[in-house]
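**Q** quick check, what structure comes out for this input:
(one chain, ligands or ions: 2)
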Amino acid sequence: MPALPLLIDTDTGSDDAVALLLATASGLGDVRAVTTVAGNVPLETGTRNALISLQTAGRRDIPVHPGCHRPMVRTLSSAQHVHGQDGMGDIGLPDPVAAPHDTHAVEVLLSLPRLYPDELTLVTLAPLTNIAAALLRDPSLLSRFRHVYCMAGAADFAGNVSPTAEFNVWADPEAARVVAQAATPDKVTWIGWDVSRRDAVMTPADQQRLERIGTPMATFAHRINRVVADWARDVTGLAGYDLPDPIAMAVALRPGLVVEREQVHVDIALDAQTRGQMIIDRRLTAPPPNLTLVRRVDETGFKNLLFDTVSNAVTL
Ligand code: RIB
Ligand code: CA
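**A** Ligands and ions are numbered 1, 2, ... in the order given. Okay, here's the model as predicted:
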């Protein structure tokens with residue numbers, strides 16, 4: 001099976017970093033470019049973290065294109081309390097060797113799918129600001145990709161950043177609405193925090209297994225997620241830290257991991273109390289579906305892919 005040509009949009013926090021390892025070191029992905037956006041951390045920090053993560057996977061050749069430095073309308077609310085001030089567990093990672101590329105992320109999002117029509121899979125791991133900005137210039141953008149997978153939303157309305165909203169959609173709800181309005185279910189799949197919370201929780205036993213692998217990538221993945229492990233213990237109350245971006249990336253790389261999905265019409269709430277909440281209409285009179293929502297993923301299959309990938313030795 002040839003590797004999947006990928007374009008990845010990220011706000012590189014500690015879970016995005018693990019998703020980048022999956023995309024580059026599993027043998028399943030052919031990452032053509034990475035675009036960055038403000039979200040978990042400010043744009044410059046997320047760009048630095050993307051460069052570090054790619055270098056850790058032995059792929060500092062992959063171009064990283066910085067994008068939007070703030071949401072479309074709202075001010076940036078980062079998640080540094082979740083992932084650490086540097087977004088990577090505050091373990092003092094050294095500066096990356098490679099530098100960011102000069103071409104803006106939105107230009108890359110517009111040009112690459114025209115260069116490789118219907119060939120690229122776009123995976124978004126962040127607020128959808130870059131994607132929405134590109135859509136405002138090219139309304140047909142999403143149709144130019146082979147498929148678009150977004151780590152976005154919470155289809156069970158149990159939020160992580162608010163009682164009902166998931167961070168990527170909450171951070172820039174206007175951008176999420178622009179993407180949802182432009183989407184068709186055959187082209188766009190969202191993998192929400194409901195999936196991560198149920199099928200991608202790294203239990204203490206999983207964390208111990210990851211730490212014991214001992215390769216550079218496994219040690220990196222374990223160490224950068226220490227702060228988010230504390231947040232999970234103290235705030236979400238999960239059995240460990242969850243990996244929303246890696247499970248979304250795993251679905252893109254191995255769609256066969258999906259156990260349950262549905263096609264529904266989704267809008268995004270913008271008012272104060274329900275900001276970023278998904279408005280899912282399942283009535284018979286609902287508008288036609290615009291998204292495919294993944295609801296369950298094969299947890300064992302996902303974790304085996306993760307452990308196998310980080311067990312690989314890389315040539316830096
Ligand atoms: O809600 C989880 C999402 O928000 C993930 O993408 C995580 O990295 C943060 O950006
Ligand atoms: Ca992210």
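**Q** quick one: name the residues of this protein near ligand 2.
**A** Applying CB under 5 Å from the ion, we find that the chain lies next to ligand 2 at D11, D16, L125, A126, D245. C-betas here are computed from N, CA, C, even on glycine.
**Q** need the residues you listed in a markdown table with pLDDT and secondary structure, can you?
**A** Listed next are the residues of the chain next to ligand 2 as a markdown table, based on pLDDT from 0 to 100; DSSP: H, G, I helix; E, B strand; the rest coil:
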| residue | pLDDT | secondary structure |
| --- | --- | --- |
| D11 | 98 | coil |
| D16 | 98 | helix |
| L125 | 99 | coil |
| A126 | 98 | coil |
| D245 | 98 | helix |
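**Q** please pull out the lowest mean pLDDT helix or strand from the protein.
**A** Scoring the helices and strands of the chain by mean pLDDT, DSSP states H and E places helix 80-83 at the bottom, with a mean of 87.
**Q** which is the next helix or strand following it?
**A** Following helix 80-83 in sequence order, the next helix or strand is helix 105-115 (DSSP states H and E).
**Q** and the contacts of that next one?
**A** 7, 9, 32-33, 35-37, 65-68, 120, 122, 130-131, 133-134, 137-138, 141, 144-145 (CB atoms under 8 Å, 6 or more residues apart in numbering).
**Q** need the per-residue pLDDT for the one residue in the chain that gets nearest to ligand 1.
**A** Here the chain gets closest to ligand 1 at one residue, F167, 3.5 Å apart by CB to the nearest ligand atom. What the model reports as pLDDT for F167 is 97.
**Q** how about the strands in the stretch 151-300 of the chain?
**A** 188-191, 201-202, 241-242, 258-268, 278-281, 291-297 (DSSP state E, counting those that start in this stretch).
**Q** out of the ones you listed, which is the most enclosed?
**A** Mean neighbour count (mean count of other CB atoms under 10 Å) peaks for strand 188-191 among the strands of the stretch 151-300 of the chain, with a mean of 27.
**Q** so what secondary structure elements neighbour it?
**A** strand 147-151, helix 244-253, strand 291-297 (3 or more CB pairs under 8 Å, 6 or more residues apart in numbering; DSSP states H and E).
**Q** so for G92, which of these sits nearest?
**A** helix 244-253 (22.5 Å; CB to CB).
**Q** hmm, back to that, list of residues touching the least confident helix or strand of the chain?
**A** With CB under 8 Å, 6+ apart, helix 80-83 has contacts from G13, S14, D15, N40, V41, G87, G89, V227, V228, W231.
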